[in-house]
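>>> Test case, fold it:
(one chain, ligands or ions: 1)
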Amino acid sequence: MALTGRRAAREESNGGRRNVQTEAQFRKCGNAECGQTLFVGDIERHFYCCKHCDFHFRVNARKRVEITLDEGSWVELFDNLETVDALGFKAHKSYLQSLDEGRAKSGEKEAVLCGEGRIEGQPLVFCVMDFQFIGASMGSVVGEKIARAIEHGTAKGWPVAIVCCSGGARMQEGALSLMQMAKTSAALQRHNEAGLGYYTILSDPTLAGVSASFAFLADVIVGEPGAMIGFTGARVIEQTIKVRLPEGFQTSEFLLKYGQIDMVVPRKDLRPTLSRLLGYARGAYGRSGPRRPAPALDAPPLEPEPAVKKEERRRAPRAAARKTARKKRTA
Ligand SMILES: [Zn+2]
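Prediction:
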């Protein structure tokens, strides 16, 4: 939440300390039907949601890491990558200017944070997009960081979870931006071939090039309540096909109803849900035995089970049955 920026604006226009404090401490709920004025501390305590109507505010990437991962487990990766203006792009302002503004607004070098961490002791590679950085659009560095993070997961034998939030491809990088869709998808294919789990959390908004690539390629796709998720904006679709779109079109709930996503999970439940999903993939909730404990913090990475061993286990009950049948025949 960009409270600092708004505080500065108030200071300039009013020069009054009282106004400054009011603006910094309170925020209006984004749901027009609710419209409650909320204490910022309360919003933070409720996982950046309205305590009256559960409206989900956008969360910056660092805060998202903080509320999702185990405390102290986050290790950031690939934060040395920085964007350059390869095309010398200029519109109403230059790309370099947009980058500077994005950096100032978000406090980040780019629109995605990638790293490794743990959820209830279970290791994973975790990426979070930050909408404050040029609408979290996918430029070359965003695509490269995500692709490298996925490859890091493949090498370590770890699952990957990405919190998506993006306006789509970054127009200032033209075709270079579109290439990121293919690059991230190819990295995911290799991750999938290694038999590893991949999860996405689609927050408001997840659109265009991001929804058409890594956001919708996950094993389990989780939507945040009320998030706008789609490819093209609703107004453009209406104008093109000249049909009035149904109520709630392009929201998480609408997509769940039509089978496009797997679940809608309130933010307060996201961490336990992810923990459970990671557990399923590790076989922690198998029918055959008690839950496998989460590995210790300094434990080596989980090795994916070799295919041969899996095959042996599949055959074992049948082989045992044949043996008993033979015994019965000879007796
Ligand atoms: Zn509200």
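
>>> Could I get the contacting residues of residue 109?
If you count contacts by C-beta atoms under 8 Å, 6 or more residues apart in numbering, residue 109 has them with 79, 81-83, 103. Just so you know, the C-beta spots here come from the backbone N, C-alpha and C atoms, and that holds for glycine as well.

>>> Going by neighbour count, list what's buried in the helix or strand encompassing residue 154.
Using DSSP states H and E, residue 154 sits in helix 140-156. Using 16 or more other C-beta atoms under 10 Å as the burial criterion, the residues of helix 140-156 that qualify are 140-154, 156.

>>> just stretch 112-129 next, same as before
Of the residues in stretch 112-129, those buried (16+ other C-beta under 10 Å) are 112-119, 122-129.

>>> Between the two ends of that stretch, what distance do you get?
Looking at stretch 112-129, the gap from its leading to its trailing residue is 4 Å under the measure C-alpha to C-alpha, to the nearest Å.

>>> average pLDDT for it?
Along stretch 112-129, the predicted local confidence has a mean pLDDT of 94.

>>> From the ion, how far off is residue 221?
In this structure, residue 221 and the ion are 26 Å apart, going by C-beta to the ion, to the nearest Å.

>>> what sits against the residue in the stretch 51-200 of the chain that the ion sits nearest to?
With C-beta to the ion as the measure, residue 53 is the residue of the stretch 51-200 of the chain nearest to the ion, at 3.5 Å. Taking C-beta under 8 Å, 6+ apart as the criterion, residue 53 is in contact with 29, 31, 33-34, 36.

>>> same question, residue 327
In this structure, residue 327 makes contact with no residue, judged by C-beta under 8 Å, 6+ apart.

>>> which element is it on?
Residue 327 is located in helix 307-330, with elements delineated by DSSP H and E.

>>> quick one: that helix to chain centroid distance?
How far helix 307-330 lies from its chain's middle: 43 Å, per C-alpha atoms, centre = their mean, to the nearest Å.

>>> interface residues of the stretch 201-331 of the chain facing the ion?
Among all residues of the stretch 201-331 of the chain, none is adjacent to the ion (criterion: C-beta under 5 Å from the ion).

>>> Quick one: the strands in the stretch 201-331 of the chain, in order.
Taking DSSP state E, counting those that start in this stretch as the criterion, the stretch 201-331 of the chain contains strands spanning 220-223, 263-264.

>>> Assign the nearest residue to residue 38 once chain neighbours are set aside to helix, strand or coil.
Among residues not flanking residue 38 along the chain, residue 27 sits closest, at 5.5 Å (C-beta to C-beta, 6 or more residues apart in numbering). When states are read from DSSP: H, G, I helix; E, B strand; the rest coil, the local structure at residue 27 comes out as strand.
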